[in-house]
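> No sequence on hand, only this structure:
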Ligand SMILES: CCCC(=O)SCCNC(=O)CCNC(=O)[C@H](O)C(C)(C)COP(=O)(O)OP(=O)(O)OC[C@H]1O[C@@H](n2cnc3c(N)ncnc32)[C@H](O)[C@@H]1OP(=O)(O)O
């Protein structure tokens, strides 16, 4: 099918428009910006690689492992490397020297005080940590000494937080006049109320797919669905009513209400700023999901307490509130963390990774989708060499456990 040339040039113009709009969220340009703020590094230690265990080390001990811009970029690159490691079973994130992480580098914060720069950092860290969370391997944060602000956010992204007896963990953001910023959760498909991801850019991205398809000689069609019941289309009023119905009440509901109210949207294009229009639909994505991640782990009341008190919790308190899974000895922490991880990675890497994927789908998708995903992951394992080998060994699970 040939595309009329007038239509093609109109689409090209629109695509150019789209590129300008998306410049703000180009990860490479954010990396270039962050890399200007040097200090420390984040690296992957391969000491236990043969066992399928990676160590992700935050290394800026003279600043108590505060995250400089460069370290944020290093972290992003390490996560990319882990994404490509096909036999990895587990990753332990830990800090060098006296503690886990003292949050964002305060010198970086002082040097970059604009909302746009804050947006860059938040967007980049959310992207990295979202990818970290999706890794099909067991993840563990090994928190020794203080984990402050962003340091606690980093810790929360792992499946398990192991704290040592000298650990102190606190979301001190409130005291610093900010809120959480690294708690990802935004989806690449999310448009609306995101810098550079307006509803217009959503429409343009559909157009781009159509043009690409036509250019490759495909017949293209679109199915338009009425998605009026989708979260982002629901009016704030209905959303708040629903949250109340599902027992999200009190301080948490007030926080979400204040977060949603008095929101305005404007469009900046060709050096011109449009009028401000009130926003009554759609949920601002990003930082608000940081607290929501904590709510998933702790439940509403404990998460509220932890975020709003700015308190530093000691190891015992971390265990009591439910953020930490286990207390380790500070002196022997690495060995103890490795032993913990080894117990969870006794199976072949393909099994560990499949379990992780199934669990990931189960926490996000509905029951039916989760069941069919499990079925898909399971089927090729039935009768595989691994399975046959296990069947031949006639394993006695109780006796083997005792020996
Ligand atoms: C979106 C992210 C938002 C956030 O992360 S908000 C939270 C930002 N983080 C902070 O405010 C942490 C402030 N630091 C502290 O509370 C304490 O330094 C901390 C971490 C409990 C460690 O205490 P101590 O072990 O007694 O060590 P100390 O205070 O003597 O610090 C040693 C050197 O490290 C420096 N440092 C610690 N945390 C830093 C940071 N985040 N950014 C930049 N520098 C930081 C500190 O200034 C000190 O440097 P120096 O030796 O005086 O030159």
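Done, it's in. In this text, all values refer to a predicted model and were calculated from it rather than measured experimentally.
> And the strands in the protein?
Here the chain has its strands, by DSSP state E, at 41-45, 53-59, 90-95, 138-143, 146-148, 160-164, 168-170, 264-265, 268-269, 272-273, 277-278, 313-314, 326-328.
> partner strands of the first one, parallel or antiparallel?
Looking at strand 41-45 with DSSP bridges, its paired strands and their directions are strand 53-59 (antiparallel).
> picking up where we left off before, lowest average pLDDT across the strands of the chain?
Ranked by mean pLDDT, the strands of the chain bottom out at strand 268-269, with a mean of 68.
> So for the ligand, which of the strands of the chain sits nearest?
Closest of those to the ligand is strand 146-148, at 4.0 Å (criterion: C-beta to the nearest ligand atom). Any C-beta I mention is one placed from the backbone N, CA and C, and that applies to glycine too.
> ok so, going back, okay if I get the strands of the chain as JSON lines plus mean neighbour count and distance to the ligand?
Below are those laid out as JSON lines (neighbours: other C-beta atoms under 10 Å; distance: least, C-beta to the nearest ligand atom, whole Å):
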{"stretch": "strand 41-45", "mean neighbour count": "18", "distance to the ligand": "15"}
{"stretch": "strand 53-59", "mean neighbour count": "22", "distance to the ligand": "12"}
{"stretch": "strand 90-95", "mean neighbour count": "25", "distance to the ligand": "10"}
{"stretch": "strand 138-143", "mean neighbour count": "26", "distance to the ligand": "12"}
{"stretch": "strand 146-148", "mean neighbour count": "27", "distance to the ligand": "4"}
{"stretch": "strand 160-164", "mean neighbour count": "25", "distance to the ligand": "14"}
{"stretch": "strand 168-170", "mean neighbour count": "24", "distance to the ligand": "7"}
{"stretch": "strand 264-265", "mean neighbour count": "12", "distance to the ligand": "24"}
{"stretch": "strand 268-269", "mean neighbour count": "12", "distance to the ligand": "25"}
{"stretch": "strand 272-273", "mean neighbour count": "8", "distance to the ligand": "28"}
{"stretch": "strand 277-278", "mean neighbour count": "10", "distance to the ligand": "28"}
{"stretch": "strand 313-314", "mean neighbour count": "20", "distance to the ligand": "13"}
{"stretch": "strand 326-328", "mean neighbour count": "18", "distance to the ligand": "19"}
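> any chance of the ones you listed in a markdown table, plus distance to residue 295?
Listed next are the strands of the chain as a markdown table, based on distance: least, C-beta to C-beta, whole Å:
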| stretch | distance to residue 295 |
| --- | --- |
| strand 41-45 | 28 |
| strand 53-59 | 25 |
| strand 90-95 | 22 |
| strand 138-143 | 18 |
| strand 146-148 | 19 |
| strand 160-164 | 16 |
| strand 168-170 | 17 |
| strand 264-265 | 27 |
| strand 268-269 | 33 |
| strand 272-273 | 36 |
| strand 277-278 | 27 |
| strand 313-314 | 17 |
| strand 326-328 | 22 |
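> and residue 214, which of those is closest to it?
Of all these, strand 268-269 sits nearest to residue 214, with 26.5 Å by C-beta to C-beta.
> For burial, what's the neighbour tally of residue 87?
Neighbours of residue 87 under the rule other C-beta atoms under 10 Å: 13.
> what residues does the stretch 51-200 of the chain put near the ligand?
63-64, 66, 98, 102-107, 146, 148-150, 172-173, 176, 181-182 (C-beta under 6 Å from any ligand atom).
> Filter those down to the buried ones.
Neighbour counting by 16 or more other C-beta atoms under 10 Å classes 63-64, 66, 102-105, 146, 148-150, 172-173, 176, 181-182 among those as buried.
> contacting residues for the residue nearest to residue 54 when sequence neighbours are not counted?
Spatial nearest neighbour of residue 54, excluding adjacent residues (C-beta to C-beta, 6 or more residues apart in numbering): residue 91 at 4.6 Å. The contact partners of residue 91, by C-beta atoms under 8 Å, 6 or more residues apart in numbering, come to 53, 54, 55, 56, 82, 135, 137, 138, 139, 140.
> pretty sure the second one contacts residue 45?
Yes. Taking C-beta atoms under 8 Å as the definition, residue 54 is a contact partner of residue 45 at 7.3 Å.
> one step back: next, work out how far apart the residue nearest to residue 54 and residue 173 are.
Look at residue 91 and residue 173: by C-beta to C-beta, to the nearest Å, they are 25 Å apart.
> same deal with residue 131?
Per C-beta to C-beta, residue 131 is found 23 Å from residue 173.
> swap in residue 242?
From residue 242 across to residue 173, the span is 27 Å (C-beta to C-beta).
> next one: residue 370
34 Å.
> Kindly report the same for residue 43.
27 Å.
> Which residues are in contact with the closest residue to residue 89 other than its chain neighbours?
Once flanking residues are discounted, residue 89 sits nearest to residue 52: 3.4 Å by C-beta to C-beta, 6+ apart. By C-beta under 8 Å, 6+ apart, the contact list for residue 52 reads 87, 88, 89, 90, 137, 345, 349, 352.
> Which of the residues you listed sits closest to residue 332?
residue 90 (18.5 Å).
> ok, residue 302 touching residue 321?
Yes. With contact defined as C-beta under 8 Å, residue 302 reaches residue 321; the gap is 5.3 Å.
> Which residues are in contact with the closest residue to the ligand within the stretch 201-350 of the chain?
Going by C-beta to the nearest ligand atom, the ligand is nearest to residue 312 of the stretch 201-350 of the chain, at 7.8 Å. Each residue near residue 312 by C-beta under 8 Å, 6+ apart is listed here: 146, 148, 168, 169, 170, 172.
> Just the closest of those to residue 33, please.
Of the contacts of residue 312, the one sitting nearest to residue 33 (C-beta to C-beta) turns out to be residue 148, at 23.9 Å.
> right, and the closest one touches residue 175 too?
No. Applying C-beta under 8 Å as the test, residue 148 and residue 175 come out as separate, 10.1 Å apart.
> now stretch 64-71: mean pLDDT?
Computed over stretch 64-71, the average pLDDT equals 98.
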